[in-house]
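K.L.:
Model the structure of this input:
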Amino acid sequence: MAKTKVKALVIGAKDSKEKDKLVTLFTLEQGKLFVYFKGVKGEKAKLKEAKELFTFGEFILEEGNFGNIVTEANIIDSFPLLRKDLDKYYEACSILDILNKTTKEANPFIFLQVLKALKAVCYENSPKNYALIKFLLLVFESSGYTLNFDTCSGCKSKLTGKKYLNVEYGEIVCSNCKRLTSIEIGQATLSALKIFKQTPFEKLKTVKIGGGGEMKALNILTENFEWRFGCKFFRI
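P.N.:
The predicted structure is shown next:
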């Protein structure tokens, strides 16, 4: 049987038969794949740890009668601290849910960004939801919805005065170009969004956002996500 090696992240799993798991992998080479882990529920199962959520590594896939079967795995990182802190765990689950609902095909850019996001949450102690906000901005950018904070997407004039997010188009507009589907973006929210856009994941722990700007930014991006992709993502 043909074998394939992929570099991948486990982004979902559910039971299949008594001792098997049907696992969703997001792979560097092929995008999202559904694969089987056979006999991995036993205490001594060789691939027991490799099937767990957040596991990043190299997986050997073998074609089976009903789909690909994982026969070998080399774990690069399992992000263990995500399972020991509820806030970290929920934020990481939100990141994976966004990935799962927006990206099916291979996307090396997003593949790298999701690993950076998980690393920021797990090891770099970025404040709560900071990595989630940064990841959302990058998902929009990868999908062609980069937010421009300087120029109105409607009239192309410099943004001054009140600013709005036109959720129908996923763009920021001035008061003259706002529509019924536009949501006003307060200054604290706008400032927070600018900071998150400019700050790399590894520097998020140094960022200080005032005025509740981070939660307002997350709420605006959540609204934008629901319009862009027609679904909600897991969020606590």
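K.L.:
Now do the residue positioned nearest the centre of the chain, the pLDDT please.
P.N.:
In the chain, the centroid-proximal residue (CA atoms, centre = their mean) is I95; its distance is 3.4 Å. Looking at I95, its pLDDT reads 98.
K.L.:
which residues does I75 bridge with?
P.N.:
I75 forms beta bridges with G57, as assigned by DSSP bridges.
K.L.:
what about it, distance to L99?
P.N.:
19 Å (CB to CB, to the nearest Å). (Glycine included, C-beta is placed from N, CA and C.)
K.L.:
And those two? Which one has more around it.
P.N.:
L99 (24 against 15; other CB atoms under 10 Å).
K.L.:
Am I right that that one is in a helix?
P.N.:
Yes - under DSSP: H, G, I helix; E, B strand; the rest coil, L99 sits within a helix.
K.L.:
which ones are touching it?
P.N.:
11, 26, 110, 114, 139 (CB atoms under 8 Å, 6 or more residues apart in numbering).
K.L.:
6 Å - rerun?
P.N.:
Residues in contact with L99, defined by CB atoms under 6 Å, 6 or more residues apart in numbering, are 11, 114.
K.L.:
Could you do A120 as well?
P.N.:
With CB under 6 Å, 6+ apart, A120 has these contacts: 126, 131, 201, 204.
K.L.:
Determine which two of those are furthest apart.
P.N.:
For the contacts of A120, the farthest-apart pair by CB to CB is S126 and F201; their separation is 7.3 Å.
K.L.:
Look at those two and report which has more neighbours.
P.N.:
S126 (26 against 21).
K.L.:
Which pLDDT value belongs to the more buried one?
P.N.:
95.
K.L.:
Excluding chain neighbours, what is closest to it?
P.N.:
L204 (3.9 Å; CB to CB, 6 or more residues apart in numbering).
K.L.:
Look at that neighbour and give its secondary structure.
P.N.:
Classified using three-state DSSP, L204 is helix.
K.L.:
try the one 10 residues further on
P.N.:
When the structure is split into helix, strand and coil by three-state DSSP, E214 lands in helix.
K.L.:
Repeat that for Y164.
P.N.:
strand.
K.L.:
Hmm, it is touching S182, no?
P.N.:
Yes - here Y164 reaches S182: they are 3.9 Å apart, a contact under CB atoms under 6 Å.
K.L.:
starting at the chain centroid, how far to stretch 90-110?
P.N.:
In terms of CA atoms, centre = their mean, to the nearest Å, the centre of stretch 90-110 is found 4 Å from the chain centre.
K.L.:
Okay, buried residues for it please.
P.N.:
90-103, 107, 110 (16 or more other CB atoms under 10 Å).
K.L.:
okay, that stretch in CSV with CA atoms only?
P.N.:
Listed next in CSV are the C-alpha coordinates belonging to stretch 90-110 (Å, rounded to 0.1, in the frame of the first residue of the first chain):
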residue,chain,number,x,y,z
TYR,A,90,-10.2,27.5,25.5
GLU,A,91,-8.2,30.1,23.5
ALA,A,92,-6.3,27.4,21.7
CYS,A,93,-9.6,25.6,20.9
SER,A,94,-10.9,28.8,19.5
ILE,A,95,-7.9,29.2,17.2
LEU,A,96,-8.2,25.6,16.0
ASP,A,97,-12.0,26.0,15.4
ILE,A,98,-11.3,29.1,13.3
LEU,A,99,-8.7,27.2,11.3
ASN,A,100,-11.1,24.2,10.9
LYS,A,101,-13.9,26.4,9.6
THR,A,102,-12.0,28.6,7.2
THR,A,103,-9.1,26.6,5.7
LYS,A,104,-9.5,23.3,3.7
GLU,A,105,-6.7,23.6,1.1
ALA,A,106,-3.0,23.6,1.8
ASN,A,107,-1.9,27.1,3.0
PRO,A,108,1.7,27.3,4.2
PHE,A,109,1.2,30.9,5.5
ILE,A,110,-1.8,29.9,7.8
